[in-house]
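J.: Curious how this folds, go ahead:
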Amino acid sequence: MSFFKKIFSKEKKETLDKGLEKTKESFFGKLSKAVAGKSKVDDDVLDNLEEVLVASDVGVNTTLKIITRIEERVAKDKYVGTDELNKILREEIAGLLSETNLGNETEFSIPDIPKNKNGNKMPYVLMVVGVNGVGKTTTIGKLASQFKKQGLKVVLGAADTFRAAAIDQLQVWADRTGVPIVRQEMGSDPASVAFDTLTSAVTQGADVVIIDTAGRLHNKVNLMNELTKIKRVMQKVVDNSPHDVLLVLDGSTGQNAFEQAKQFTLATEVTSLAVTKLDGTAKGGVVIGISDQFQIPVKYIGVGEGIDDLQVFNKTEFVDSFFK
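T.: Now for the predicted structure:
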């Protein structure tokens, strides 16, 4: 049995549309200038389109991939009018997102609750990584809220012991959502916090554990060693944990988000992505580029400040809102 929450109600779709409004206006404003005075898609239009995509933070490699596909279609169809360009772009971007093993999810879900070797239920363990300031703690709080609304028992672990503020911020979210938190003093061993969190969660019969981790990239080797140690210690309590390593990226930083994704994927095995703060930026194209370049599923996107404004990433809904 999977646990889920239906999210793409009319209200949620309107939130997504509004969250991508700045990106859409910026992109199509630039696109209109790129095709001005042109009736067909020729080399000049393609060159201009390439500049528009790069400027929209889709990324160079993904942009070249999209341009190549459009060139192939233009060559095949001989004559493609600029009025058809939106439709072609929409199809090619949706196609790229499909190739990153992204489902067409409309539900806020987690996989089946795992069991240990003895067949006893174990909590689903989610480890969250990302640099400070990307919305990591907020994402954890919103996830906890969503899971609790499904009737799941959630436990938070404050394993970012590098900053006292990180522990306090997570405590605020624990209080706000009404879920228990396991914490120690600043400077404590993060792996010890993770171990205590999982031990407590198993004792309580929790369904989901969300572990916060320190977000510093100034020394990748230390980060790698720390995350590896946390994983090793957690596996002493819950087999094969963490079941998901979620990297949180700030969509408003554009190309900087690419660099963060690169550094974290080198430091640890990242299995899913959350892209936050899309409502306040025109750089929403970064979602397309990151999912394509790193071949890691984008699981969640943040399109507002409200507690319910963390949405499951659905490629069909995303592309629809982008081109609406």
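
J.: distance of the residue lying closest to Asp212 once chain neighbours are set aside from Gln184?
T.: Spatial nearest neighbour of Asp212, chain neighbours left out: Asp160 (4.8 Å); criterion: Cβ to Cβ, 6 or more residues apart in numbering. In short, each C-beta sits where N, CA and C put it, glycine included. Here the criterion is Cβ to Cβ, to the nearest Å. By it, Asp160 lies 11 Å from Gln184.

J.: what about Leu143, helix or strand, and which?
T.: Using DSSP states H and E, Leu143 sits in helix 136-149.

J.: So for that helix, what gets flagged as buried?
T.: Neighbour counts using 16 or more other Cβ atoms under 10 Å place 136-148 of helix 136-149 among the buried residues.

J.: what's the burial count for Glu305?
T.: By other Cβ atoms under 10 Å, the residues close to Glu305 number 11.

J.: tell me the secondary structure for it?
T.: Recorded secondary structure, Glu305: coil (DSSP: H, G, I helix; E, B strand; the rest coil).

J.: what's near enough to touch the closest residue to it other than its chain neighbours?
T.: Closest residue to Glu305 apart from its sequence neighbours, by Cβ to Cβ, 6+ apart: Asp279 at 7.8 Å. By Cβ atoms under 8 Å, 6 or more residues apart in numbering, the contact set of Asp279 is 18-20, 22, 302-305, 309.

J.: In the stretch 1-150 of the chain, what residue spans correspond to helices?
T.: Under the criterion DSSP state H, counting those that start in this stretch, helices of the stretch 1-150 of the chain are mapped to 10-19, 21-35, 43-55, 60-77, 85-98, 136-149.

J.: can you give me how far stretch 176-186 is from the chain middle?
T.: 23 Å (Cα atoms, centre = their mean, to the nearest Å).

J.: Go through that stretch and flag the buried ones.
T.: Buried residues in stretch 176-186, counted by 16+ other Cβ under 10 Å: 177, 179, 181-184.

J.: And the contacts of that stretch?
T.: 141, 144-145, 148, 154-158, 161-164, 167, 170-171, 174, 192-193, 196-197, 200, 204, 307.

J.: Filter those down to the ones in helices?
T.: When DSSP state H is applied, these are split such that 141, 144-145, 148, 164, 167, 170-171, 174, 192-193, 196-197, 200, 204 fall in helices.

J.: need the contact list for Lys262.
T.: Phe294.

J.: Now do the buried residues in the helix or strand where it lies.
T.: Using DSSP H and E, the element containing Lys262 is helix 255-267. Within helix 255-267, the residues that count as buried by 16+ other Cβ under 10 Å are 256-258, 260-261, 264-265, 267.

J.: Quick check: the gap between Leu310 and Lys153.
T.: 20 Å.

J.: Neighbour count: those two, which is higher?
T.: Shown here are Leu310 and Lys153; by other Cβ under 10 Å, Leu310 has more neighbours (24 against 16).

J.: Report pLDDT for that one.
T.: pLDDT recorded at Leu310 is 90.

J.: do the same with Leu102
T.: If you check Leu102, the pLDDT there is 52.

J.: and if you look at Thr106?
T.: You'll see Thr106 listed with a pLDDT of 57.

J.: cool, and Pro114?
T.: The model reports Pro114 with a pLDDT of 67.

J.: how about the closest residue to Asp309 other than its chain neighbours, what does it touch?
T.: Excluding the flanking residues, the one nearest Asp309 by Cβ to Cβ, 6+ apart is Val303, at 5.5 Å. By Cβ under 8 Å, 6+ apart, the contact set of Val303 is 15-16, 18-20, 278-279, 309, 311.

J.: returning to what we had before: now flag whichever of the buried residues of helix 255-267 is closest to Lys65.
T.: Of all those, the one sitting nearest Lys65 is Phe258; the distance, using Cβ to Cβ, is 14.9 Å.

J.: I'd assumed Val286 was in contact with the closest one.
T.: Yes. In this structure Phe258 lies within contact range of Val286 using Cβ atoms under 8 Å: 7.3 Å.

J.: Which neighbours do these two have in common?
T.: Common neighbours of Phe258 and Val286 (Cβ under 8 Å, 6+ apart) are Gly59.

J.: if we can go back for a sec, using PyMOL, define a selection of the buried residues within the contacts of Val303.
T.: In PyMOL, a selection of the buried entries from the contacts of Val303 looks like this (16+ other Cβ under 10 Å):
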select buried, resi 15+16+19+20+278+279+309+311
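
J.: Now find how far off-centre the helix holding Lys262 is within its chain.
T.: How far helix 255-267 lies from its chain's middle: 13 Å, per Cα atoms, centre = their mean.
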